[in-house]
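Colleague: take a look and give me a structure for this.
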Amino acid sequence: MNLLPCLPIVRQTSVLAVSCGLLISSIHAATVLGPGHADLRYNVNASGDWSVLVHHDGSGSVPASDHPVGTDTLFYLGSALAPSGSRLSRPSGTTWDFLGVPAGSDIWVISQSQSATPNTVWLGLNTEETSTSSLLAWDPAHTSVGSGKWLELRLRDVTYTGSGTNNQFALWVSGSFGTPNVWMDTSDGIATNGSDDVFYMAPGQHSHMNWAFTSEGIYDLTFDARTLLADGTFSISDPFTLRFGVNATEAVPEPGKSLLALFGLCLAFMRRRR
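Modeller: Alright, predicted model coming up:
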């Protein structure tokens, strides 16, 4: 996906160039994390202060380093950086209906196994910097976990930019014989509380899972994290957003009223100068 182009105008192009330049400068390219190992690190200290960042090991397109979490950093799934990577077909069977598309449809997956999609980013979750002694055990009432010291990652929102018409996200862990243990999926909406659309990790852990998307375009996934501190109070992080690009590295907004007004002003100026 490319940046929004300036419309060709024969006369007074300098005015439009300046106006379009101001518009484009507000839409900047993200740091693209391509093939190689990456972790979303979300950790909390005994005082309830959260640290959330992304680390990439540098075997892909960028040096090994930490990156801020947000739309300035993009996990890329696609043909340019991942020539034989993440595009798969949805398996048959009702087990896979949580993906929200019919069997045989294209899906793009960051696999929990690096060997399954070796040419795309391999994204995991990491709580290794959270001390067990900082937390108390609690029971999140989830079918897959019991009482324990947990850091809860909850999906809060998904926004999509692109030309797709069925734009779903899902996160699951493959169990025995490939059976999916589904943690998050948007095909039935996003739960605001309870045991849906969450993932649980113990402190001091590192894990990988499957991240799936059903259309080409840009997905912004917003999460927050929660845990029970040793003092008996729950601590919740500020919301944070991860950006994923499926054969896309930049979001191109649809022209809105402000853009139309901008071109209207430019045209009015040109008429006055004739």
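
Colleague: isn't there a strand covering Asp39?
Modeller: Yes: applying DSSP: H, G, I helix; E, B strand; the rest coil, one finds Asp39 inside a strand.

Colleague: low-scoring stretches of the protein, by residue?
Modeller: Low-confidence segments of the chain (pLDDT under 70): 1-29, 59-63, 80-84, 252-274.

Colleague: what about the helices in it?
Modeller: Ranges of helices in the chain, per DSSP state H, are 13-25, 257-273.

Colleague: and the gap between His222 and Pro180?
Modeller: Just to correct that, residue 222 is Thr rather than His. 23 Å (C-beta to C-beta, to the nearest Å). For every residue, glycine as well, the C-beta is placed using N, CA and C.

Colleague: looking at the two, which one has more neighbours?
Modeller: When Thr222 and Pro180 are compared for neighbours, Pro180 comes out ahead with 19 against 15, by other C-beta atoms under 10 Å.

Colleague: quick one, what contacts that one?
Modeller: By C-beta atoms under 8 Å, 6 or more residues apart in numbering, the contact list for Pro180 reads 95-96, 98, 172-174, 210.

Colleague: and those residues as CSV, adding neighbour count?
Modeller: Output for the contacts of Pro180, formatted as CSV (neighbours: other C-beta atoms under 10 Å):
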residue, neighbour count
Thr95, 12
Trp96, 19
Phe98, 17
Trp172, 22
Val173, 16
Ser174, 15
Asn210, 22
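
Colleague: go through those and name the one nearest Glu128.
Modeller: Val173 (18.5 Å; C-beta to C-beta).

Colleague: surely the closest one meets Gln112?
Modeller: Yes: in this structure Val173 lies within contact range of Gln112 using C-beta atoms under 8 Å: 6.3 Å.

Colleague: tell me, what's touching the two both at once?
Modeller: 209-210.

Colleague: residue contacts, Glu129?
Modeller: 41, 43, 51.

Colleague: phi, psi for it please.
Modeller: Taking degrees, to the nearest 10, you get phi -100, psi 10 for the backbone angles of Glu129.

Colleague: if Ser207 is in a bridge, with which residues?
Modeller: Legend: beta-bridge partners of Ser207 under DSSP bridges are Leu125.
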